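*Asks:* Okay, sequence plus prediction incoming.
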Amino acid sequence: MVSDVLVQEKHVNEHEAGMPHFSNGDDDSTSFDSCTDLTSTKLPVHSRFMHHLRRLSLPILLGQFLSALIATTGISSNFLVNFGVSLPLAQNFPHYLLLTLIYGTISWTRFCSKRHENSLSLWGKFVKFLHTRGWQYFIAGTIDVHANWAMVGAYALTNLTSVQLLDCITIPTAMLLSRFCLKTRYRWIHVTGVVICIIGSASMVGADYLAAAAKDATGNSTAATKEATGNSTASESGNSQHITSVLLGDFLVIAGAVGYGISNVYQEFLVRRYGIIDYLGFASLSATIWTAIYCSTLERNVIIETIRAHDPANLPSIVGCFVGFALAMFLLYTVMPVALSKTNAVLVNLSLLTSDLYALLIGIYLFGNVFHPLYLASFAAIMVGVCLFASRDPIFRDIVRAPKEEDEA
């Protein structure tokens, strides 16, 4: 079966059809549908266009759905900040717990149902599971929870637009790690795209700095007009503190984006080798444990103070933001592997860039963020870089699925 899958992957790559097959022995694997009809090349141009349009319609729709989910998480986090709530750990706990309860239960049930397939006892198979891949799921969950922690925490320090645009660094990070860790081969056009993305991301930090400085200058000018006297030293100090806070938020976003890139590459390896359901179940269990520990030690008092300090009339809105964030993240984690299996990661990430455009409009007209022309220039640079990266398919290295006895461990 493995040889058949690898032959199919080679066949697909030779015709530049998209991403490699997600091969594993589990039933949860959503295989890459060999929908590239090679005979369609003999059809007229219009028919070939319609054929490829129909073939790509589902991946594009999935990408736009993921884009909407990402925009939803950003809106929820920004509204929580407006309510004076900054609980990045508690905010991530519900969706990790939900993923663990659903997919972890499925994985554990399947794990227990295979206990009579060889001579190992259930405990022996559990120990073997921890030794072969359990520790890998633990590392994957650890990386993911800290990346989410940095990303959600940044919403209290910088604005929604910068968060949504700076996370594009995930793409070059994932590409570089894929090259050196998964041995994926890239062409010069991919390297050019990465460089342009990095330049665009750096420009976004500069735009955020200029926008924050302009906002503080406007605020200080208005205050000086309304008041006869003012303390210029305090004003400059407040201005400096705000800019420092914004820059710290930007660097938290960059750290979270790099963490997402590492997590995505590791997820690609684990999913292709062991399956989607097991990854979601056991990696989420690791993330749930970490988040529970952090919440109980770092945010317990903050949670209590938040509940006591806020107007009871605002609590339903705050809870609604938590619920919306949790559901959006749960769906995002669930649908992302499916979208990747139907197309390639590049097309999915290109679709996700539309969420940045949504965030740009929302950040200006809904949250009152200050617009700077460098925002559009930075966004355009990132778009150009990603489009260059997506214009040619890289050469994927085959990742053979785990042996049957290891997959059943």
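*Replies:* Sure thing, it's come through. Treat the numbers as computed from the prediction; the structure is a model and nothing was measured. Numbers count the residues shown, from 1 in each chain.
*Asks:* Which residues are in contact with residue 293?
*Replies:* Residues counted as contacts of residue 293 (Cβ atoms under 8 Å, 6 or more residues apart in numbering): none. Bear in mind the C-beta positions are built from the backbone N, C-alpha and C, glycine included.
*Asks:* so which helix or strand takes in it?
*Replies:* According to DSSP states H and E, residue 293 maps onto helix 284-298.
*Asks:* mean confidence score for that helix?
*Replies:* Per-region confidence: helix 284-298 scores 92 on mean pLDDT.
*Asks:* Heading C-terminal from that helix, find the next helix or strand.
*Replies:* Remark: after helix 284-298, the chain's next helix or strand is helix 300-309, criterion DSSP H and E.
*Asks:* buried set for that following helix?
*Replies:* residue 306 (16 or more other Cβ atoms under 10 Å).
*Asks:* got the angle for the next helix or strand after it vs helix 300-309?
*Replies:* Using DSSP H and E, the helix or strand that follows helix 300-309 towards the C-terminus is helix 315-342. Taking axes from the mean of the first three to the mean of the last three Cα atoms, to 10 degrees, helix 315-342 and helix 300-309 form an angle of 130 degrees between their directions.
*Asks:* Go through helix 315-342 and flag the buried ones.
*Replies:* When burial is assessed from 16+ other Cβ under 10 Å, helix 315-342 yields the following buried residues: 318, 321-322, 324-337, 339-342.
*Asks:* Same check on stretch 169-185?
*Replies:* For stretch 169-185, by 16+ other Cβ under 10 Å, it's 169-175, 177-179, 182, 184.
*Asks:* Output it as PDB, nothing but the C-alphas.
*Replies:* Output of stretch 169-185 as PDB, limited to C-alpha atoms (Å, rounded to 0.1, in the frame of the first residue of the first chain):
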ATOM      1  CA  ILE A 169       6.000  35.400   8.800                       C
ATOM      2  CA  THR A 170       4.600  31.900   9.400                       C
ATOM      3  CA  ILE A 171       5.000  31.200   5.700                       C
ATOM      4  CA  PRO A 172       8.700  31.800   5.300                       C
ATOM      5  CA  THR A 173       9.400  30.200   8.600                       C
ATOM      6  CA  ALA A 174       7.600  27.000   7.500                       C
ATOM      7  CA  MET A 175       9.400  27.100   4.200                       C
ATOM      8  CA  LEU A 176      12.800  27.300   5.700                       C
ATOM      9  CA  LEU A 177      12.100  24.600   8.300                       C
ATOM     10  CA  SER A 178      10.600  22.300   5.500                       C
ATOM     11  CA  ARG A 179      13.800  22.800   3.500                       C
ATOM     12  CA  PHE A 180      16.200  21.900   6.300                       C
ATOM     13  CA  CYS A 181      14.000  19.400   8.300                       C
ATOM     14  CA  LEU A 182      11.800  17.800   5.800                       C
ATOM     15  CA  LYS A 183      14.300  18.200   2.900                       C
ATOM     16  CA  THR A 184      11.800  19.800   0.600                       C
ATOM     17  CA  ARG A 185      13.500  21.300  -2.400                       C
END
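*Asks:* Show me what the mean pLDDT comes to for that stretch.
*Replies:* Here stretch 169-185 scores 80 as its mean pLDDT.
*Asks:* same check, this time on stretch 304-316
*Replies:* Rounded mean pLDDT across stretch 304-316 is 80.
*Asks:* going forward can the numbers begin at 29, since that is how I track them
*Replies:* Right, with 29 as the first residue, what we last looked at is stretch 332-344.
*Asks:* Can you verify my assumption that residue 206 contacts residue 293?
*Replies:* Yes: contact criterion Cβ atoms under 8 Å: residue 206 and residue 293 qualify, at 5.5 Å.
*Asks:* so how far is residue 337 from the residue lying closest to residue 351 once chain neighbours are set aside?
*Replies:* Leaving aside its sequence neighbours, residue 351 sits nearest to residue 122 (Cβ to Cβ, 6 or more residues apart in numbering; 7.8 Å). For residue 122, the distance to residue 337 equals 21 Å [Cβ to Cβ, to the nearest Å].
*Asks:* Check residue 207 too.
*Replies:* Counting by Cβ to Cβ - residue 207 and residue 337 are separated by 49 Å.
*Asks:* go on, residue 285?
*Replies:* Remark: distance between residue 285 and residue 337 (Cβ to Cβ) = 32 Å.
*Asks:* Kindly report the same for residue 345.
*Replies:* 15 Å.
*Asks:* Equivalent analysis for residue 91, please.
*Replies:* According to Cβ to Cβ, residue 91 stands 40 Å off from residue 337.
*Asks:* likewise residue 238?
*Replies:* 34 Å.
*Asks:* likewise residue 286?
*Replies:* According to Cβ to Cβ, residue 286 stands 34 Å off from residue 337.
*Asks:* just residue 420 next, same as before
*Replies:* 54 Å.
*Asks:* And residue 274, by the same measure?
*Replies:* Taking Cβ to Cβ, one finds residue 274 at 25 Å from residue 337.
*Asks:* what's the answer for residue 106, then?
*Replies:* 20 Å.
*Asks:* Ok, residue 161 next?
*Replies:* Distance from residue 161 to residue 337, by Cβ to Cβ: 44 Å.
*Asks:* Please apply the same query to residue 208.
*Replies:* If you go by Cβ to Cβ, the gap between residue 208 and residue 337 works out to 48 Å.
*Asks:* Then residue 399?
*Replies:* 33 Å.
*Asks:* before we move on, what about residue 133?
*Replies:* Residue 133 is 37 Å from residue 337, by Cβ to Cβ.
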